[in-house]
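Student: the following comprises the amino acid sequence and a computationally predicted model.
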Amino acid sequence: DSGVTQTPKHLITATGQRVTLRCSPRSGDLSVYWYQQSLDQGLQFLIQYYNGEERAKGNILERFSAQQFPDLHSELNLSSLELGDSALYFCASSGDDGIYTEAFFGQGTRLTVV
Amino acid sequence: GQQVMQIPQYQHVQEGEDFTTYCNSSTTLSNIQWYKQRPGGHPVFLIQLVKSGEVKKQKRLTFQFGEAKKNSSLHITATQTTDVGTYFCAGGANAGGTSYGKLTFGQGTILTVHP
């Protein structure tokens, strides 16, 4: 158990809909990262928050947004969903926002868009 | 932007054979991390390399960071069925000598071990 909690574990929704994925980082970790894992795309970095502020942005679509709340949990909002958005979405946390710190990954949310 | 390429994409071995995956970056890296993801699981941190030419070992796993800090490898000696999974490298590029920057994951190498 990494200490990072993601909910829900599975999500099935229709195209055009909007969903929210939730992540609770390890106790004490200030940094939260979101990744998308598709079968043929490996781990794609989406966005990073540190102590409530956006720190880095990766290949995140405009239809996607995220935020980190004062209690440090984070939410990833996906809207106008398309079939191609079906993937495993991981949240990871680390103690700081540097690149030398190991990241702890949650179990992931498997999103299926039908 | 920074690209991290990992090869091979797939590797099938017989139990007891060795396995190596390679990670190459288009730019000089500040550090490299390796993660393992078991089937149906999540990535788990294995190790980090920071110094040019660094070599680290974890039991049957040997990790190397190239002299130019543009490539890295993970070698597993005498694979076991417990080694199955996807191995990812993640290359770091810091900003101006600080600890801030971005980690870019490679595509991963999926290892299958046949008993």
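Tutor: Yep, it's here.
Student: now do B:A93 against B:T27, distance only.
Tutor: The spacing between B:A93 and B:T27, counted by CB to CB, to the nearest Å, is 6 Å. All C-beta atoms are positioned from the backbone trio N, CA, C, and that covers glycine.
Student: more neighbours, these two?
Tutor: Between B:A93 and B:T27, B:A93 has the larger neighbour count (other CB atoms under 10 Å in any protein chain shown), namely 18 against 14.
Student: who's the more buried one bridged to?
Tutor: Counting by DSSP bridges, B:A93 forms beta bridges with B:K102.
Student: surely it meets B:Q3?
Tutor: No. Counting by CB atoms under 8 Å, B:Q3 is not a contact partner of B:A93; they are 10.7 Å apart.
Student: between those two, what contacts are shared?
Tutor: By CB atoms under 8 Å, 6 or more residues apart in numbering or on different chains, B:A93 and B:Q3 have these common neighbours: B:T104.
Student: and the strands in chain A?
Tutor: A:5-7, A:10-13, A:19-24, A:31-38, A:42-50, A:53-57, A:64-68, A:74-78, A:87-94, A:104-105, A:109-113 (DSSP state E).
Student: turn the ones you listed into a markdown table, including mean pLDDT.
Tutor: As requested, these are exported to a markdown table (pLDDT from 0 to 100):
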| stretch | mean pLDDT |
| --- | --- |
| strand A:5-7 | 98 |
| strand A:10-13 | 98 |
| strand A:19-24 | 98 |
| strand A:31-38 | 94 |
| strand A:42-50 | 91 |
| strand A:53-57 | 90 |
| strand A:64-68 | 97 |
| strand A:74-78 | 98 |
| strand A:87-94 | 96 |
| strand A:104-105 | 96 |
| strand A:109-113 | 97 |
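Student: switch the ones you listed over to JSON lines; also include distance to B:I110 and mean neighbour count.
Tutor: Formatted as JSON lines, these follow (distance: least, CB to CB, whole Å; neighbours: other CB atoms under 10 Å in any protein chain shown):
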{"stretch": "strand A:5-7", "distance to B:I110": "23", "mean neighbour count": "17"}
{"stretch": "strand A:10-13", "distance to B:I110": "22", "mean neighbour count": "14"}
{"stretch": "strand A:19-24", "distance to B:I110": "25", "mean neighbour count": "19"}
{"stretch": "strand A:31-38", "distance to B:I110": "13", "mean neighbour count": "23"}
{"stretch": "strand A:42-50", "distance to B:I110": "10", "mean neighbour count": "21"}
{"stretch": "strand A:53-57", "distance to B:I110": "27", "mean neighbour count": "14"}
{"stretch": "strand A:64-68", "distance to B:I110": "27", "mean neighbour count": "19"}
{"stretch": "strand A:74-78", "distance to B:I110": "26", "mean neighbour count": "20"}
{"stretch": "strand A:87-94", "distance to B:I110": "15", "mean neighbour count": "24"}
{"stretch": "strand A:104-105", "distance to B:I110": "17", "mean neighbour count": "22"}
{"stretch": "strand A:109-113", "distance to B:I110": "18", "mean neighbour count": "18"}
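Student: can you check which of the ones you listed gets nearest to B:V50?
Tutor: Closest approach to B:V50 among the strands of chain A (CB to CB): strand A:87-94, 16.0 Å.
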